[in-house]
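here is my input; please provide its structure:
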Amino acid sequence: MMIFYGAEHHLLVISNTIDADEHQHSFLQVTISLEDEFDIDVEGQSLSCAGIIIHSNVVHRLKGAGHPLMLLLMDSTSEIAASFKRYIEGRNYHVFPPGMMKAVREFVSKEYPGVKDTDSYLSFLGQLMKLMGVDHVNTAIVDSRIREFIQLIKDCTDSEHSVSLYARQMGLSNSRLSHLFKENTGISLSGYMLLHKLQKATYFMFKGLSITDAAMAAGFDSPSHLAATSKRLLGMTAKDIRKDSVFLKVSCLH
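Here you go, the predicted structure:
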């Protein structure tokens, strides 16, 4: 079974069925074992560890089938991601110390079954970050136009995701918006938009839409396009994600 907690800028997953193929994505990813160590390949290097943080756009393969894990997948433009980035300091990944992971593992295993709504999730997340020595920090995005653009994307309810439309709304050319976005966030605008569509499709599936309807509502050309995108970015197909899963949408913005 997979348990998903979906917020505006991150996805937290607890599961013992994750066995993702080699892939990369623009998430900042924290993976923590809830039992001893797990195996993971990062940039072709095989590692065994109790917890790891991987930078965005770093190729990795998670070999966790049958092993209970917690994944925290964070939008790289978000404040929560900025608070975790100090662990990486320009590197591709950082392995967390075993002592810290033991305390985190015990906390997560004990507390997550009681997370039933936004308030209990926010308490859970706050305690988790404290155990990991992470303080909430402000995002490094200094350009107000890019902050406005990201809010427009978060508020988006349409199946169309035209960069040209957003650029015109903001009085910018496509190329200028793309340049400013990469300059402020460190990730490509095209990659961010694709990830946004994937997040929307996932939320729609958990709201009860079929994979086909979720794909079209999120702006994909077809269900196969959604499946291929999910496999490439997350290492799992939409069907894999939906199977035997429980989803709780929570809000971290007030």
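
pull the number of nearby residues for Gly235.
By other Cβ atoms under 10 Å, 19 other residues sit near Gly235. No exception for glycine: its C-beta is placed from N, CA and C like everyone else's.

next: the one 5 residues further on.
Taking other Cβ under 10 Å as the criterion, the count of residues near Asp240 is 19.

can I take it that it is in a strand?
No: counting by DSSP: H, G, I helix; E, B strand; the rest coil, Asp240 is not part of a strand but helix.

quick one: residues contacting it.
With contacts defined as Cβ atoms under 8 Å, 6 or more residues apart in numbering, Asp240 is in contact with Ser230.

what ranges do the strands span in the stretch 1-150 of the chain?
Here the stretch 1-150 of the chain has its strands, by DSSP state E, counting those that start in this stretch, at 2-6, 10-15, 27-33, 38-42, 45-49, 51-54, 60-63, 69-75, 93-95.

how about those strands in JSON lines, adding mean neighbour count, distance to Ala103 and mean pLDDT?
What follows is these, written out as JSON lines (neighbours: other Cβ atoms under 10 Å; distance: least, Cβ to Cβ, whole Å; pLDDT from 0 to 100):
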{"stretch": "strand 2-6", "mean neighbour count": "19", "distance to Ala103": "20", "mean pLDDT": "83"}
{"stretch": "strand 10-15", "mean neighbour count": "21", "distance to Ala103": "17", "mean pLDDT": "87"}
{"stretch": "strand 27-33", "mean neighbour count": "24", "distance to Ala103": "11", "mean pLDDT": "93"}
{"stretch": "strand 38-42", "mean neighbour count": "18", "distance to Ala103": "17", "mean pLDDT": "93"}
{"stretch": "strand 45-49", "mean neighbour count": "13", "distance to Ala103": "15", "mean pLDDT": "94"}
{"stretch": "strand 51-54", "mean neighbour count": "23", "distance to Ala103": "11", "mean pLDDT": "97"}
{"stretch": "strand 60-63", "mean neighbour count": "20", "distance to Ala103": "22", "mean pLDDT": "88"}
{"stretch": "strand 69-75", "mean neighbour count": "23", "distance to Ala103": "13", "mean pLDDT": "90"}
{"stretch": "strand 93-95", "mean neighbour count": "18", "distance to Ala103": "16", "mean pLDDT": "97"}
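
which of the ones you listed sits closest to Arg105?
The minimum distance between Arg105 and the strands of the stretch 1-150 of the chain falls on strand 27-33, with 6.7 Å, by Cβ to Cβ.
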